[in-house]
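Student: From the sequence below, what's the structure:
(chains A and B)
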Amino acid sequence: MSSIELNHLRYRYATAAAWAISDATMRVDPGEIVLLEGESGSGKSTLLRLLAGLAPAFHGGEAAGYGLVAGVELRTAEPAQLAQRVGFLFQDAETQGVMAEPLRDVAFSLQCHGRTAAGILPAARATLSVVRAEHLIGRRLDQLSAGERQRVALAAVLAPEPAVLLLDEPTAQLDDDTACELVGELRRLADRGLTILIAEHRHDRVGHLTDRVLGLQAGRLVEGASASPLETLAFSEDSDGPALLEVVGLTVGRRGQPVLREVTARLRRGRVVALIGPNGSGKSTLLRTLAGLDPAMAGSVQVCGHDVTRLAAEERVPRLAFVPQDPGRALLCDTIRAEVLLGPRTLGLSERAADAALVALELSALAERNPRECSVGERERVAIAAAMALSPTVLLLDEPTRGMDLRHRARLVAMLRRHAELGGVAVIATHDLSLARACADERWLVADGHVHCDHSAEEAPA
Amino acid sequence: MRAPVPPLLCAMGLIVIGLATFQPLVVAAALLGALGLLLVAPAPRGLMLRLAAFSALALVVLNPFVAVEGEHVLYAGPSFWLLDLEVTSEEVLYGIVSGARLATAILATAGFLRLADPDRTHALASRLVPRSALTVALAARLAPTLQRDAGALAETLRLRGSGPARGRRQLIRRGALLIEPLVASSLDRGIDISEAMVARGYGGGTLTRLPEPAWTGGERVAAGAGVLLLTVGVAVIAGLVSYDSYPTAGPLLSSAALLVASLSVAAGAVGTLALRSRS
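Tutor: Numbering: from 1, shown residues only, chains lettered A, B, ... in the order given. The predicted structure follows:
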């Protein structure tokens, strides 16, 4: 008997006339790992929600056709009943947590599955160690980095040992080591009979361990893989000109505790830097301090020769623009065009750069849509376009490829190289080493409380 | 973070004492205890302190102009519809005591919320009021999530070049710009959290009770102090301190009032100090 069996399954949102999932027919056998690929907004997350029984229950709309998941028929099952057999990892780990502390949060899944009280905490602890998150026990969930939260969310899904696992971008925020171990663990679980359906843009991370690849194109399932590696664009030589971004002896921290000490680095025009390092190493904290959102604990920051150490974030704009992690949660306007034009209009800048950014990131056709109705990858592009609309000299991006499909990652690479060719500099915090390889002239390794800036793109450790 | 029951007992005891009588000395003692409870709780506390002070002050200022009671006139003015511009000393005193009672309730509740472990509070609610457990979990998760969303929205505005608001008009415009996305995101977050809980299996079967860690010595002492405060509160309601329709300074130093106030201060101090030891 198949673990997942779909026959002409369809679903559309209440506000849309078109089917978001149309005529989905497929079978997935026990122990199989199936990778679901498709462009941002193609319906991957919607299909997973449909299989978990969360749509239409929580999102309204209309479903039709036949679907059987872990022996439960979708048409008649309540989502909570389905959840007893099906584990679902949300794309946004932030929304997955229910409790305030990681061990309690993982234990909550086991409590909901009626496990005996004595076994709950040991099982929760063991699952946290599988995803290398045991050290997070005792900390507050809302104070963890995005990658750390994703590990806890994964543990919470794995702990009850479901029959079917639906994972929406499980490695998007993980560093390479953790992602590699997670994928290996998923393979081991599948070999023991667990059925896994993964929606993931990072084919390079999960592709080699999956049994089958299914594509989604505008809500229709198609067989076969579509992924190809990102093309590496020409790097620039380090110029002799003045530094556009220079930090000297910079110490940055969170809640008064230093995270990175004595960071000294300089970037001349035309350079793109990838900031790499494990989850929680301080990449986001460094970018937030450079952007002026967090104060520097010591040292100085210069942008285009001006000391901006004591300037607030709004005073560093538009010379410097920053796209924080998960920008899709903080969109201000009702249309994508208004969102992208907000900065130039506030500052009285030309709107030409905004139009160019909309074109470069393929957002022109979506310009009148509400950004809150977009997929995670589309919202990420909106936020990047809004930053580019300011025509910044220094561009700071924190995990910009989350939820972004390969084609749009290639568009981002092209846009970053164009920004560098025009004399700008960019610093990108990322776990996506393929992105780093494709566009970065240098890689700065963030680890053990320090930033090691002396790696060229060719020499840096993978 | 603490087991929820000891700070809950302390907070409830202080609120009951504060609301049980208009006796100024007793109300002041309850207010002092509630302030202590919040001050031993982990930061941030500033917002709740400001809220309590503002609410109390508003009541103190407004009461003489909406209440009509007392005979000792301090200022005689005309009366319009709901507004009475005659101010008596009783109205002023009533306003002060009412403000103190309101502040006591706000500070004690805030102290409990800051001291109690939200996960253990959720577990307690699941046991005591299973039908409201979802509401408790939603409220516990939604408040910090919305706080972060509001912070992120304000940061986005700054990153788009919008500087600090200068003047009232600019402040109102800035606030208006943030209200709509915040309301929209709060609706989204509410659905997200309930969806996440259901996806984790909540509501699909029996919820197992997680073994709770034993109370520490400090928590046991605080629970004892809380029970004492509740007992004192019940005694006040039962008539240990005479009831007045509005406060008067007359029996301010009566032996019963002194006894109740002293007990309240002592139990409140013991409870808060016991809770502070591990905060």
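Student: okay, now the nearest residue to A:V376 once chain neighbours are set aside: neighbour count?
Tutor: Nearest residue to A:V376 in three dimensions, chain neighbours excluded: A:G403, at 3.3 Å (CB to CB, 6 or more residues apart in numbering or on different chains). From N, CA and C alone the C-beta is placed, and that goes for glycine too. Residues lying near A:G403 (other CB atoms under 10 Å in any protein chain shown) number 27.
Student: Quick check: A:G403 touching A:E200?
Tutor: No. Using CB atoms under 8 Å, A:G403 makes no contact with A:E200, being 10.3 Å away.
Student: Now for those two: what residues contact both?
Tutor: Both A:G403 and A:E200 are contacted by A:169, A:172, under the criterion CB atoms under 8 Å, 6 or more residues apart in numbering or on different chains.
Student: how about the residues of the stretch 251-400 of chain A near chain B?
Tutor: Counting by CB under 8 Å from any CB of the partner chain, the residues of the stretch 251-400 of chain A close to chain B are A:291, A:293, A:312-315, A:317-318, A:321-322, A:324, A:327, A:329-334, A:342-343, A:346-347, A:372, A:386-387, A:390.
Student: So which of those residues sit within strands?
Tutor: A:321-322 (DSSP state E).
Student: Extract the residue ranges of the stretch 151-279 of chain B that are flagged as low pLDDT.
Tutor: Scanning the stretch 151-279 of chain B for pLDDT under 70 picks out the ranges B:164-165, B:240-254, B:277-279.
Student: Now the buried members of the residues of the stretch 251-400 of chain A next to chain B.
Tutor: Neighbour counting over those (16 or more other CB atoms under 10 Å in any protein chain shown) leaves A:291, A:293, A:313-314, A:317-318, A:321-322, A:324, A:327, A:329-334, A:342-343, A:346-347, A:372, A:386-387, A:390 as the buried ones.
Student: still on that earlier bit, residues touching the residue nearest to A:V376, list them.
Tutor: Per CB under 8 Å, 6+ apart, neighbours of A:G403: A:40, A:91, A:169, A:172, A:201, A:375-380.
Student: Over to A:P56?
Tutor: A:11, A:62-63.
Student: for the closest residue to A:T346 other than its chain neighbours, helix, strand, or coil?
Tutor: Nearest non-adjacent residue to A:T346, counting by CB to CB, 6+ apart: B:G161, 4.7 Å away. Here B:G161 is recorded as coil under DSSP: H, G, I helix; E, B strand; the rest coil.
Student: What are the phi and psi values at B:G161?
Tutor: phi 100, psi 10 (degrees, to the nearest 10).
Student: Look at it and say how many residues are nearby.
Tutor: As a burial measure, B:G161 scores 22 neighbours (other CB under 10 Å).
Student: Am I right that it is in contact with A:G343?
Tutor: Yes. Applying CB under 8 Å as the test, B:G161 and A:G343 come out as touching, 5.3 Å apart.
Student: Read off the pLDDT value for residue 118.
Tutor: Since no chain was named, I'll use chain A. Among the per-residue scores, A:A118 shows a pLDDT of 88.
Student: wait, chain B
Tutor: B:P118 is given a pLDDT of 82.
Student: For A:G97, see how far away it is.
Tutor: 12 Å (CB to CB, to the nearest Å).
Student: Neighbour count for the two, which is higher?
Tutor: Comparing B:P118 with A:G97 by neighbour count (other CB under 10 Å), the higher total belongs to A:G97, at 26 against 22.
Student: ok so, going back, phi and psi next, for the residue nearest to A:V376.
Tutor: According to degrees, to the nearest 10, A:G403 has phi 70, psi 10.
Student: What helices and strands are in contact with whatever helix or strand B:L39 lives in?
Tutor: When elements are assigned from DSSP states H and E, B:L39 belongs to helix B:24-40. With contacts defined as 3 or more CB pairs under 8 Å, 6 or more residues apart in numbering or on different chains; DSSP states H and E, helix B:24-40 has these neighbours: helix B:5-20, helix B:89-115, helix B:255-276.
Student: and the angle from it to helix B:255-276?
Tutor: 0 degrees (axes from the mean of the first three to the mean of the last three CA atoms, to 10 degrees).
Student: Point out the ones among the residues of the stretch 251-400 of chain A next to chain B that are inside helices.
Tutor: The helices, defined by DSSP state H, take in A:291, A:313-315, A:342-343, A:346-347, A:386-387 from those.
Student: which of the residues you listed sit farthest apart?
Tutor: Farthest-apart pair in these is A:E315 and A:A386; separation 18.3 Å (CB to CB).
Student: Give the closest residue to the most centrally placed residue in chain B in space, chain neighbours not counted.
Tutor: Nearest to the mean C-alpha position of chain B, by CA atoms, centre = their mean, lies B:I106 at 2.2 Å. Ranked by CB to CB, 6+ apart and with sequence neighbours excluded, the top spatial neighbour of B:I106 is B:A52, at 4.2 Å.
Student: my guess is the one you found contacts B:A103, does it?
Tutor: Yes. At 4.3 Å, B:A52 and B:A103 qualify as touching, with contact defined as CB under 8 Å.
Student: Could you list which residues are in contact with the residue nearest to the centre of chain B?
Tutor: Contacts of B:I106 by CB under 8 Å, 6+ apart are B:48, B:51-52, B:55.
Student: Can you give me the distance of it to B:P42?
Tutor: B:I106 is 18 Å from B:P42, by CB to CB.
Student: how's chain B carved up into domains?
Tutor: B:5-121+B:217-276, B:126-199 (automatic domain parsing).
Student: Adding distance to A:R443, write those domains out as TSV.
Tutor: Converted to TSV, the domains of chain B look like this (distance: least, CB to CB, whole Å):
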stretch	distance to A:R443
domain B:5-121+B:217-276	38
domain B:126-199	25
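Student: Among those, show me which one is buried the most.
Tutor: domain B:5-121+B:217-276 (a mean of 19; mean count of other CB atoms under 10 Å in any protein chain shown).
Student: residue contacts, residue 144?
Tutor: You didn't say which chain, so I picked chain A. With the criterion set at CB under 8 Å, 6+ apart, A:L144 makes contact with A:102, A:136, A:152, A:280.
Student: not quite, I wanted chain B
Tutor: So B:P144 contacts A:D142 (CB under 8 Å, 6+ apart).
Student: what about the helix or strand encompassing it, distance to the chain center?
Tutor: Following DSSP H and E, one finds B:P144 within helix B:133-159. In terms of CA atoms, centre = their mean, to the nearest Å, the centre of helix B:133-159 is found 20 Å from the chain centre.
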